[in-house]
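Novice: Structure for the following, please:
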Amino acid sequence: MTLQLQTAYAIMMTDDEDIIIEVNDKLKQSVNKNLENHHVNEVFKRWIPYEDGKVVIAEATEELSLLFLKGESQLNRNLYFGIISSEMKELMVKLDELIKANSRLQAIIESSYDGIYLTDIEGNTLLTNSAMERITGIPKEYYMGKKVESLIKRGILESSVTKRVIETKESISRVQFNRAGNESLLLTGSPVFNEKREVESVVTNIRDLSQLIELQNALKEANELNHSYRKEIERLKKKENEQSSSIIMKSEKMREIYDTVDRLVNVDATVLVLGETGVGKDVLAKYIYEHSDRNRKGKYIKLNCGAIPSELIESELFGYEKGAFTGAGQQGKPGMFELADQGVLFLDEVGELPLSAQVKLLRVIQEKEVQRIGAVAAQQINVRLIAATNRNLKSMVDEGLFREDLYYRLNVIPIHIPRLSERPKDIHPLLEYFLAKNNQKYNFQKQFSEELKSFFHQHSWPGNIRELSNLVERLLLVSKETIITLKDLPQEYQLAIHSVNLPPESLTLKEAIELAEKQVICHAMKTCTSTYELATKLETSQPTISRKLKKYGLHMIQ
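Specialist: Numbers count the residues shown, from 1 in each chain. Below you'll find the model as predicted:
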């Protein structure tokens, strides 16, 4: 076949290996070089097949480009009809940029960690990436050309956002389960519009949240660990400063007690704190909790067994289910043991527990489980128990008022706190602490006289630390003067002044005479009920006694 057509078209024939066999004059004249028996890539600087080779853009020179349309083959020959145009240069540059952009886009989609698939308006899958294969476990080629509804019916996808995106013309997000059954896939469908603002396709992004959830959990654990470290640092700081807000001690007895406690804070044995009312049993219990590892895990719960009616003590300790008894809350209520789980439960005045509650308390200690009133099953608990009492539990056991087995369960580590009068070295630092605390609380700047401090030091303090604290606050509030003296003491303490031996060098002669006179009158008032009887006892007149009582601010106790 000879190509002698004199047309405006450039015509070229090649074999199956793209070797040029023959060209017409138009192409020969345009290219102006020998073409026969050369490969197309040798003749043309650029040979870009498009649409499976049916359309080819070729660049002959920098000024000349051609657009070839591939015709049907004849006798194993390829016939190309080309349009010669100098404007093809610009089109070829744009096409080249478009090809590169498409290649970059394909690389971006393929390298995305999220699964991506593109569907047309009919729901047919047009494009997907390898991440889909990792997330779903199914080769990405399987999705190509298949409808979303078909994939859902086969169980490959649980649901799709494509239909909803087409209906709303808006981006839609949905969380669904992955193939492992975990709710950790985030599907986000976004519409792609044509020039008429019609949805022509939908891009769906599938994000695997499992690793994000793992990172979130790891961050939560790290924050919890960081919080525990901060609490441990705070605990160590408190331990370094024993002269803290509530632990005031100078006496050797109290130092020995707290040295012993420091060795016991992280053991789970039950502690029984013994001592009179007001000696600081609750302060010691709180100290054990704050300096133990349990203060990072659970709460410190305190229950005064003597302040709760006997019929309610069990519900307070063990809790109750809704409807367990008349008046029970509709939601039920956890007991103190449940609230103190992983922490410390402090039972103050444990000697006041009724026998019925003692039985259940013993079971909780032995079984380490608690059962609410009205519940059918018990639940495990982990509680450090600290009990305290001012009563003699051993004597109560002998009298049948306290269970012997419970007594031995509580009396594992007994700690006896001495009364304040047995540790006089603690009186002065406690006095200074309560004075400073109340001055700050009420914005005062009051002080105690030396005579009053001497009285504090020598008083017997039957109410112990609690009595001392209350008296200091009372004096600061009642006294009008900046310097508080013996005259400011309440009447019940005035009667005790005579028993206090004050240092004589601190008094003038007049003050010593008045003090002695006042002490004699106070002493006599203990056994007298009227001013006449008092005058007779002191061998003076009733008007004199009335005048002295008024002078010293004393009143007869009726």
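
Novice: how close does the residue nearest the centre of the chain sit to Arg296?
Specialist: Against the mean C-alpha coordinate of the chain, by CA atoms, centre = their mean, the closest residue is Glu224 at 6.6 Å. Using CB to CB, to the nearest Å, Glu224 is found at 9 Å from Arg296. C-beta here means a position set from N, CA and C on the backbone, and glycine is covered the same way.

Novice: what is in contact with those two at once?
Specialist: Contact with both Glu224 and Arg296 is made by no residue, according to CB atoms under 8 Å, 6 or more residues apart in numbering.

Novice: and the residue nearest to the centre of the chain, what element?
Specialist: Using DSSP states H and E, Glu224 falls within helix 210-240.

Novice: tell me how far the helix or strand just after that helix is from the chain's mean position?
Specialist: Using DSSP H and E, the helix or strand that follows helix 210-240 in sequence is helix 252-262. Here helix 252-262 shows a centroid-to-chain-centroid distance of 35 Å under the convention CA atoms, centre = their mean, to the nearest Å.

Novice: Just name whatever secondary elements the helix or strand just after helix 252-262 is in contact with.
Specialist: As assigned by DSSP H and E, the chain's next helix or strand after helix 252-262 is strand 271-274. If contacts are counted by 3 or more CB pairs under 8 Å, 6 or more residues apart in numbering; DSSP states H and E, strand 271-274 sits against helix 281-290, strand 384-389, strand 413-416.

Novice: try it again with 6 Å
Specialist: If contacts are counted by 3 or more CB pairs under 6 Å, 6 or more residues apart in numbering; DSSP states H and E, strand 271-274 sits against strand 384-389, strand 413-416.

Novice: Partner strands of the longest one, with direction?
Specialist: Yep, that's strand 384-389 we're talking about. Paired with strand 384-389 in the same sheet, following DSSP bridges, are strand 271-274 (parallel), strand 344-348 (parallel).

Novice: domain parsing for the chain?
Specialist: The chain breaks down into these domains under automatic domain parsing: 9-97, 112-208, 248-418, 422-552.

Novice: Next, the buried residues of the host helix or strand of Val175.
Specialist: Under the criterion of DSSP H and E, Val175 resides in strand 172-177. When burial is assessed from 16 or more other CB atoms under 10 Å, strand 172-177 yields the following buried residues: Ile172.

Novice: Any stretches of this protein with poor pLDDT?
Specialist: Scanning the chain for pLDDT under 70 picks out 1-8, 51, 73-75, 84-92, 155-159, 177-183, 235-246, 323-330, 495-507, 557-558.

Novice: Give me whichever of the helices and strands packed on strand 271-274 is most buried.
Specialist: strand 384-389 (a mean of 25; mean count of other CB atoms under 10 Å).

Novice: If you count contacts, what does the next helix or strand after that one end up packed against?
Specialist: Where DSSP H and E defines the elements, the next helix or strand beyond strand 384-389 is helix 393-398. Packing partners of helix 393-398 (3+ CB pairs under 6 Å, 6+ apart): helix 404-410.

Novice: what sits up against the helix it packs on?
Specialist: Contacts with helix 404-410, where a contact means CB atoms under 6 Å, 6 or more residues apart in numbering, come from 270, 272, 358, 362, 365, 387, 393, 397.

Novice: quick one: buried residues of it?
Specialist: Quick answer for helix 404-410 (16+ other CB under 10 Å): 406-407, 409-410.

Novice: Between all of those residues, which two are separated the most?
Specialist: Checked with CB to CB, the buried residues of helix 404-410 reach their widest spread between Tyr407 and Arg409, with 7.2 Å between them.

Novice: what's the angle from the helix holding Glu224 to helix 252-262?
Specialist: Angle, helix 210-240 to helix 252-262, by axes from the mean of the first three to the mean of the last three CA atoms, to 10 degrees: 160 degrees.

Novice: what's the angle between helix 210-240 and helix 281-290?
Specialist: 140 degrees.

Novice: What are the boundaries of the helices in the stretch 301-450 of the chain?
Specialist: 313-318, 336-339, 355-367, 393-398, 404-410, 427-442, 450-458 (DSSP state H, counting those that start in this stretch).

Novice: From the contact counts, what lies against the shortest one?
Specialist: Under the contact criterion of 3+ CB pairs under 6 Å, 6+ apart, the helices and strands touching helix 336-339 comprise strand 300-304.

Novice: strand partners of the strand it packs on, parallel vs antiparallel please.
Specialist: Its sheet considered, strand 300-304 pairs with strand 344-348 (parallel) by DSSP bridges.

Novice: Tell me how far the partner strand lies from the chain's centre.
Specialist: So, by CA atoms, centre = their mean, the centroid of strand 344-348 is 25 Å from its chain's centroid.

Novice: same deal with stretch 130-139?
Specialist: 37 Å.

Novice: Next: stretch 42-60.
Specialist: Distance, centroid of stretch 42-60 to centroid of chain: 67 Å (CA atoms, centre = their mean).

Novice: Now that stretch - C-alpha only, CSV.
Specialist: Extracted C-alpha coordinates of stretch 42-60, given in CSV (Å, rounded to 0.1, in the frame of the first residue of the first chain):
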residue,chain,number,x,y,z
GLU,A,42,13.4,8.1,17.2
VAL,A,43,11.5,10.4,14.8
PHE,A,44,9.3,12.3,17.3
LYS,A,45,10.7,13.9,20.4
ARG,A,46,7.6,13.0,22.3
TRP,A,47,5.2,10.2,21.6
ILE,A,48,2.4,10.1,24.2
PRO,A,49,-0.4,7.5,23.6
TYR,A,50,-3.7,8.5,25.1
GLU,A,51,-6.9,6.4,25.6
ASP,A,52,-5.2,3.0,25.0
GLY,A,53,-3.3,4.3,22.0
LYS,A,54,-6.2,5.5,19.9
VAL,A,55,-5.1,9.1,20.3
VAL,A,56,-1.4,10.0,20.2
ILE,A,57,0.1,13.4,20.7
ALA,A,58,3.5,13.7,19.0
GLU,A,59,6.1,16.4,19.0
ALA,A,60,8.2,16.6,15.9
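
Novice: Sort out which residues of it are buried, please.
Specialist: For stretch 42-60, using 16+ other CB under 10 Å, the buried residues are 43-44, 47, 56-60.

Novice: and these, which two are the farthest apart?
Specialist: Longest span within those, CB to CB: Val43 and Ile57, 14.1 Å.
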